[in-house]
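> give me the fold of what follows.
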Amino acid sequence: MYHLNQSFEEILSLITTLIFFFFVSVGVSFFFLKLNYKTEKNSFTKALLPNLVFFSFSFILYLISIYKNTNISVFSRNEKSESAIISIILIFALIVLSIFEISIYRITFKIKPIKKYFFLLFSLNLFSYSFIFFSFYPRSYVDENILSYNRYLYKPNKKELKLFDNSIVKIDFACSSEHNYKLEHKDSIFYFRIPITQIGTDRILYSFKLLNNSKQVYSSEKEDNCETISVNKLENEIKVLFIQTNPNQDIGGLKQIVTDTIVFKKIKTEKRKAGYYGDTNCDCIER
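Numbering: from 1, shown residues only. Next comes the predicted model:
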């Protein structure tokens, strides 16, 4: 499952919705006690406290989910199972927090809440969570025109490269992917990802580039131990230049030196169903 941060607008909108339902629940609870139990003492406090407990902890749980980066904004290939998991977690949180708010009510006022009031509170909680569930349920960003896609694995002829300062750069199996569309359409850009591990230094003293420069769309990019090269065509054999910074400090990056040519050969093709797999990382080999 792949997780992404929600936008600031989405976070603010959900927090605003929680606050709105808190005031609505307090208001409904207060008028319920006043209309049905006129002799009930401290009606406002008894309406405020349980709702304050429930929505405060709901708010805290949501902030924790944001901090831990567990808010789901894009579905993976297991869309059906994900929706079931989200539903189960939401129901579990609803039940646990409802029990907790009633327990706080009993401890504070040293009495059990009236059964009708207990069911009212639970119904308000259920309505609030149901509204949030259907309003903020993540949408699938899978392109409906995509039937499936191919995932290609490439084996390099060199797995270890030595830099001028004697540090080592290790490379692993590279990978890329290609979509299969319902209509006559083809991907125009492919992202060729090369996993890299740097040993002996933290400095970036090298870069990668296609041997055939006409097939490279953009400059290569480094991110999280990964070198990504954008190409306009995926072939069975992809040749990549390993370029190092000139050790002469007076020249440095002004005149780089090509020290190796790495040949990546396609060794495996995986057929996958359409869906979001989060294939932006460099873990090309699924372990």
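
> can you show me the strands along the stretch 51-200 of the chain?
Taking DSSP state E, counting those that start in this stretch, the strands of the stretch 51-200 of the chain run over residues 146-156, 160-162, 168-171, 174-181, 190-199.

> make TSV from those and add mean pLDDT and distance to residue 26 to it.
From N, CA and C alone the C-beta is placed, and that goes for glycine too. Shown next, in TSV, are the strands of the stretch 51-200 of the chain (pLDDT from 0 to 100; distance: least, C-beta to C-beta, whole Å):
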stretch	mean pLDDT	distance to residue 26
strand 146-156	87	47
strand 160-162	90	65
strand 168-171	91	60
strand 174-181	87	51
strand 190-199	89	51
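
> with distance to residue 13 added, can I get these in a markdown table?
Putting the strands of the stretch 51-200 of the chain into a markdown table (distance: least, C-beta to C-beta, whole Å) gives the following:
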| stretch | distance to residue 13 |
| --- | --- |
| strand 146-156 | 29 |
| strand 160-162 | 49 |
| strand 168-171 | 44 |
| strand 174-181 | 32 |
| strand 190-199 | 32 |
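
> what comes up buried for the top helix by length along the chain?
Counting residues, the longest helix found in the chain (DSSP state H) is helix 79-109. By neighbour count on 16 or more other C-beta atoms under 10 Å, the buried set for helix 79-109 is 82, 93, 94, 97, 98, 101, 102, 104, 105.

> now do that helix: which elements does it pack against?
Judged by 3 or more C-beta pairs under 8 Å, 6 or more residues apart in numbering; DSSP states H and E, helix 79-109 is in contact with helix 43-67, helix 115-136.

> any idea of the angle that helix forms with helix 115-136?
Per axes from the mean of the first three to the mean of the last three C-alpha atoms, to 10 degrees, the angle that helix 79-109 makes with helix 115-136 is 150 degrees.

> right, so of the helices and strands packed on helix 79-109, which gets closest to residue 167?
helix 43-67 (35.7 Å; C-beta to C-beta).

> if I take that closest one and helix 115-136, what angle do their directions form?
When the same axes, to 10 degrees is applied, the directions of helix 43-67 and helix 115-136 differ by 30 degrees.

> quick one: average pLDDT of the helix or strand where residue 262 lies?
Using DSSP states H and E, residue 262 sits within strand 257-273. The pLDDT scores in strand 257-273 average 90.

> ok now that strand, how far from the chain's centre?
Computed by C-alpha atoms, centre = their mean, to the nearest Å, the chain-centroid distance of strand 257-273 equals 27 Å.

> again, but for stretch 148-157
Here stretch 148-157 shows a centroid-to-chain-centroid distance of 23 Å under the convention C-alpha atoms, centre = their mean.

> cool, and stretch 44-56?
33 Å.

> what residues does that stretch touch?
18-19, 21-22, 25-27, 29-30, 32-33, 40, 97-98, 100-102, 104-105, 108-109, 113, 121, 124-125, 128 (C-beta atoms under 8 Å, 6 or more residues apart in numbering).

> okay, that stretch in PDB with CA atoms only?
Taking C-alpha atoms only, stretch 44-56 is exported to PDB below (Å, rounded to 0.1, in the frame of the first residue of the first chain):
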ATOM      1  CA  PHE A  44     -25.100  21.800  29.300                       C
ATOM      2  CA  THR A  45     -22.100  20.100  31.100                       C
ATOM      3  CA  LYS A  46     -23.500  16.700  30.400                       C
ATOM      4  CA  ALA A  47     -24.000  17.600  26.800                       C
ATOM      5  CA  LEU A  48     -20.600  19.200  26.400                       C
ATOM      6  CA  LEU A  49     -18.300  16.700  28.200                       C
ATOM      7  CA  PRO A  50     -18.900  13.400  26.300                       C
ATOM      8  CA  ASN A  51     -18.900  15.200  22.900                       C
ATOM      9  CA  LEU A  52     -15.700  17.100  23.900                       C
ATOM     10  CA  VAL A  53     -14.000  13.800  24.700                       C
ATOM     11  CA  PHE A  54     -15.100  12.000  21.500                       C
ATOM     12  CA  PHE A  55     -14.200  14.800  19.100                       C
ATOM     13  CA  SER A  56     -11.000  15.800  20.900                       C
END
